[in-house]
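Student: Provided below for reference: sequence and predicted model.
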Amino acid sequence: MAELPSSAAVVVIGGGIMGTSAAYHLAAAGAEVVVLERDTIGSGSTGKAAGGFRAQFSDELNIRMAVENIRRLERFETEFATGIDFEQHGYLFLLGESEVDTFRRAVSLQRSLGVPSELITAEDALGMVPGIGVHDVAAATFCAWDGTCTPESVALGYARAASRHGAAIVQGCEVTGIAVSNGRIRGVSTANGFISSPEVVLTAGVWSPRLAAPLGVRMPVRAVKRHIWLTRGPDPFPRRLPLVVDFTTGFYFHREAKGLAMGGRAQTIEDLAPAIINRAPALLEMEVTHNWWGYYAVTPDNNAIIGTAPGIDRLHYATGFSGHGFQQGPVVGEHLSELVLGSEPTFDLAPFAMDRFETGSILPETAVI
Ligand SMILES: Cc1cc2nc3c(=O)[nH]c(=O)nc-3n(C[C@H](O)[C@H](O)[C@H](O)COP(=O)(O)OP(=O)(O)OC[C@H]3O[C@@H](n4cnc5c(N)ncnc54)[C@H](O)[C@@H]3O)c2cc1C
């Protein structure tokens, strides 16, 4: 494990998907970068994610980023020599009557941006996944580009590549504060000592607000617990199973390792049961072997906050991904490196700056699971 250096050109706080991707892009561009992670790489929300990626968003910027993120995840194994279990089996959204118009508009926007998503009937959905309940499904959407992979492997792949490019990855190192004087960063205090640096990338996930608050930077991010339950044993669903989402309740399930994974907004399996009975009753017959939970970092409009903090020179942030951050890691990490390096942004992510909540130019994302 790397020792804590006494100084660095850039300190990245947090070794989740955002911090590792930013560190890789920075180190590959020749920057002297140190990542400080209080636990281990991927131990925060990243390691708890379902690993889903999709082009089925409602916000145009999210769709355009998704197209690029999916391309990058698709070539990740080759580019980073790291297996990530990349599988494009599609996402199938099952919709209630009142949701169909919103999804029809989203599909039309997605298709105008080159995404092959489609609005299909409940019968088509049943044909795709025999065994689901569709009696109260008004319509569905499907996109074959969507799928899943293993989030912590992507974070590890980025961390290893960053390290190969000279980045120091310091695990087991909790940041206790960011030192600022006269609006300029002086360094970062940690449980293992002080590191001087003029620039910080704050990617501590749902824990970012508590490091930003003492600097007068208020991040509108709420921590929401989300659970996943894993089953094992044979199931009646097709081998090639899309990630099925019951949009009204948020219940979803997909293949994971040798069984199925299911989750949603419910905080207990008992609370999830009514949605399971309605949509995928066969799941109730299966043995649940284990479960885990992690935090969604949720903002008021269900979109990320990304940018450079107002009033503090060179404090860049990215958090509040509202449950779809894993898949945005490739593009957002690159963007954070561009903010540090002052280079032309590949994607203009200025609309994600957190001052949108003061100016009123919010970016509501409706396709939130
Ligand atoms: C159950 C569940 C399912 C999900 N499913 C999906 C999905 O299918 N697709 C998708 O795109 N997204 C999904 N997400 C969301 C996704 O996990 C997050 O949006 C994403 O991982 C956020 O990455 P991050 O790097 O911002 O945060 P994190 O992964 O939380 O990384 C932050 C890191 O900072 C470290 N840290 C915190 N405080 C400090 C400190 N003081 N000092 C040093 N280090 C610190 C933490 O230990 C952590 O490792 C899911 C989330 C959950 C909980």
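Tutor: Okay, I see it.
Student: going by C-alpha atoms from here, please, whenever you check contacts or count neighbours.
Tutor: Fine.
Student: and the helix or strand hosting residue 72 with the ligand, contact?
Tutor: In this structure, residue 72 sits in helix 60-74 according to DSSP states H and E. No - using Cα under 6 Å from any ligand atom, helix 60-74 stays clear of the ligand, coming no nearer than 9.8 Å.
Student: list of residues touching that helix?
Tutor: Residues external to helix 60-74 that are found in contact with it (Cα atoms under 8 Å, 6 or more residues apart in numbering): 53-57, 86, 109-110, 113, 115, 145-146, 327-331, 347.
Student: quick one: mean pLDDT over that helix.
Tutor: On average, the pLDDT along helix 60-74 is 97.
Student: so where do the strands sit in the stretch 1-150 of the chain?
Tutor: Remark: strands assigned in the stretch 1-150 of the chain by DSSP state E, counting those that start in this stretch are 10-13, 33-37, 52-53, 91-95, 117-120, 139-143, 147-148.
Student: with mean pLDDT added, can I get these in JSON lines?
Tutor: Putting the strands of the stretch 1-150 of the chain into JSON lines (pLDDT from 0 to 100) gives the following:
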{"stretch": "strand 10-13", "mean pLDDT": "98"}
{"stretch": "strand 33-37", "mean pLDDT": "98"}
{"stretch": "strand 52-53", "mean pLDDT": "98"}
{"stretch": "strand 91-95", "mean pLDDT": "98"}
{"stretch": "strand 117-120", "mean pLDDT": "98"}
{"stretch": "strand 139-143", "mean pLDDT": "98"}
{"stretch": "strand 147-148", "mean pLDDT": "98"}
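Student: from the rest of the structure, what touches the helix or strand encompassing residue 358?
Tutor: If you go by DSSP H and E, residue 358 is part of helix 356-359. Residues from elsewhere that reach helix 356-359, judged by Cα under 8 Å, 6+ apart: residue 362.
Student: quick check: buried residues in that helix?
Tutor: Going by neighbour count (16 or more other Cα atoms under 10 Å), nothing in helix 356-359 comes out as buried.
Student: export that helix to PDB, keeping only CA atoms.
Tutor: Included here for helix 356-359 are C-alpha records, laid out as PDB according to Å, rounded to 0.1, in the frame of the first residue of the first chain:
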ATOM      1  CA  ARG A 356     -28.500  25.300 -10.700                       C
ATOM      2  CA  PHE A 357     -30.600  25.000  -7.500                       C
ATOM      3  CA  GLU A 358     -30.200  28.700  -6.900                       C
ATOM      4  CA  THR A 359     -30.600  29.900 -10.500                       C
END
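Student: mean confidence score for it?
Tutor: Rounded mean pLDDT across helix 356-359 is 94.
Student: residue 168: which of the strands of the stretch 1-150 of the chain is closest?
Tutor: Between residue 168 and the strands of the stretch 1-150 of the chain, the shortest gap by Cα to Cα is with strand 33-37, which sits at 4.7 Å.
Student: hmm, that closest one touching the ligand?
Tutor: Yes - under the criterion of Cα under 6 Å from any ligand atom, strand 33-37 makes contact with the ligand via 36-37.
Student: okay, the residue most central in space within the chain: pLDDT?
Tutor: Among the residues of the chain, the smallest C-alpha distance to the mean C-alpha position (Cα atoms, centre = their mean) belongs to residue 325, namely 1.7 Å. You'll see residue 325 listed with a pLDDT of 98.
Student: cool, residue 257 as well?
Tutor: Taking residue 257 on its own, its pLDDT is 87.
Student: could you shift the numbering so residue one becomes 36, and keep it that way?
Tutor: New numbering, starting at 36: the last item is residue 292.
Student: distance of it from residue 113?
Tutor: Going from residue 292 to residue 113 by Cα to Cα, to the nearest Å gives 22 Å.
Student: again with residue 273
Tutor: Computed as Cα to Cα, the residue 273 to residue 113 distance reads 28 Å.
Student: before we move on, back to that, send me the helix holding residue 107 as PDB with only the CA atoms.
Tutor: Included here for helix 95-109 are C-alpha records, laid out as PDB according to Å, rounded to 0.1, in the frame of the first residue of the first chain:
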ATOM      1  CA  GLU A  95     -30.600  14.700 -23.000                       C
ATOM      2  CA  LEU A  96     -27.200  15.200 -21.400                       C
ATOM      3  CA  ASN A  97     -27.600  11.900 -19.500                       C
ATOM      4  CA  ILE A  98     -28.500  10.100 -22.800                       C
ATOM      5  CA  ARG A  99     -25.500  11.600 -24.600                       C
ATOM      6  CA  MET A 100     -23.100  10.700 -21.800                       C
ATOM      7  CA  ALA A 101     -24.600   7.200 -21.600                       C
ATOM      8  CA  VAL A 102     -23.900   6.500 -25.200                       C
ATOM      9  CA  GLU A 103     -20.200   7.300 -24.600                       C
ATOM     10  CA  ASN A 104     -20.100   5.600 -21.200                       C
ATOM     11  CA  ILE A 105     -21.400   2.400 -22.700                       C
ATOM     12  CA  ARG A 106     -18.800   2.500 -25.500                       C
ATOM     13  CA  ARG A 107     -16.100   2.900 -22.900                       C
ATOM     14  CA  LEU A 108     -17.300   0.100 -20.700                       C
ATOM     15  CA  GLU A 109     -17.600  -2.100 -23.700                       C
END
